[in-house]
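> structure, please.
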Amino acid sequence: MDMEKVHILDHPLLQHKLSILRDENTGVKDFREVVSEIATLMCYEAPATCPGGGGDQNSHHHRQIQNHRRQKAGHCPRSAGRLGMVDGILTLIPSAKVGHIGLYRDPDTLEPVEYYCKMPNDIAEREVIILDPMLATGGSASAAIQFIKNYEVKNIKLMNIIAAPEGIQRVHHDHPDVDIYCAALDEKLNDHGYIVPGLGDAGDRIFGTK
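Purely as a prediction, here's the structure:
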């Protein structure tokens, strides 16, 4: 598996918070809050590995570049279950605009089905980060990336809390130009397309729907 475009953000604080999400006894309130906190930490950590993120991280010039990039950022949660990451990102980048891509995974085919898509008018001028807690089969993520590319966006990144090798392979195959940021790369998918060990269905645990 080609890992050139995969960035695993293994900061100890991120890993600690991820362990809370993996705990089946973590309730809805705490799960939702920790997802938001992880998103903030990932957004803070990711620029160091982004193109243009090198050099002295504390220099005035570097801070000017990062501030400009943040002002031109756009974020796209892939569906309602991914909205848990948005508040965490907006905590760090309050000027970012938010587009929405509504997709769900067909339980039989495991392929994505679109039900909603709404983007800011100037999306083509922005650096877009697609947010999705779980990168499982990669089908929905790949479709979301293609939707964004249809708006002529040139700079797209995918941010996941947990990824599976199968999802990374699918995204890399379909979109080799897109960088993937995750806090953990788990072992595999099970027969139902869920990440193992994973943390369950992120959307259900965020909203308490199961």
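
> mind checking pLDDT for the residue nearest to residue 142 when sequence neighbours are not counted?
Closest residue to residue 142 apart from its sequence neighbours, by CB to CB, 6 or more residues apart in numbering: residue 174 at 4.3 Å. In this view, the C-beta of every residue, glycine as well, is placed from N, C-alpha and C. Residue 174 is assigned a predicted lDDT (pLDDT) of 97.

> what's around residue 174, how many residues?
Residue 174: 15 surrounding residues under other CB atoms under 10 Å.

> list the contacts of it.
Contacts for residue 174 (CB atoms under 8 Å, 6 or more residues apart in numbering) come out as 138, 142, 145, 146.

> what's the most distant pair in these?
For the contacts of residue 174, with distances taken as CB to CB, the pair at the greatest spread is 138 and 146 (12.1 Å).

> if you count what's nearby, which of these two comes out ahead?
residue 138 (26 against 12).

> hang on, isn't that one packed against residue 178?
No: assessed by CB atoms under 8 Å, residue 138 is found out of contact with residue 178, at 11.1 Å.

> what do these two both touch?
When contacts are counted by CB under 8 Å, 6+ apart, residue 138 and residue 178 are jointly contacted by residue 171.

> thinking again about what came up before, can you put the contacts of residue 174 in JSON lines and add secondary structure and distance to residue 18?
Listed next are the contacts of residue 174 as JSON lines, based on DSSP: H, G, I helix; E, B strand; the rest coil; distance: CB to CB, whole Å:
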{"residue": "138", "secondary structure": "coil", "distance to residue 18": "20"}
{"residue": "142", "secondary structure": "helix", "distance to residue 18": "24"}
{"residue": "145", "secondary structure": "helix", "distance to residue 18": "24"}
{"residue": "146", "secondary structure": "helix", "distance to residue 18": "29"}
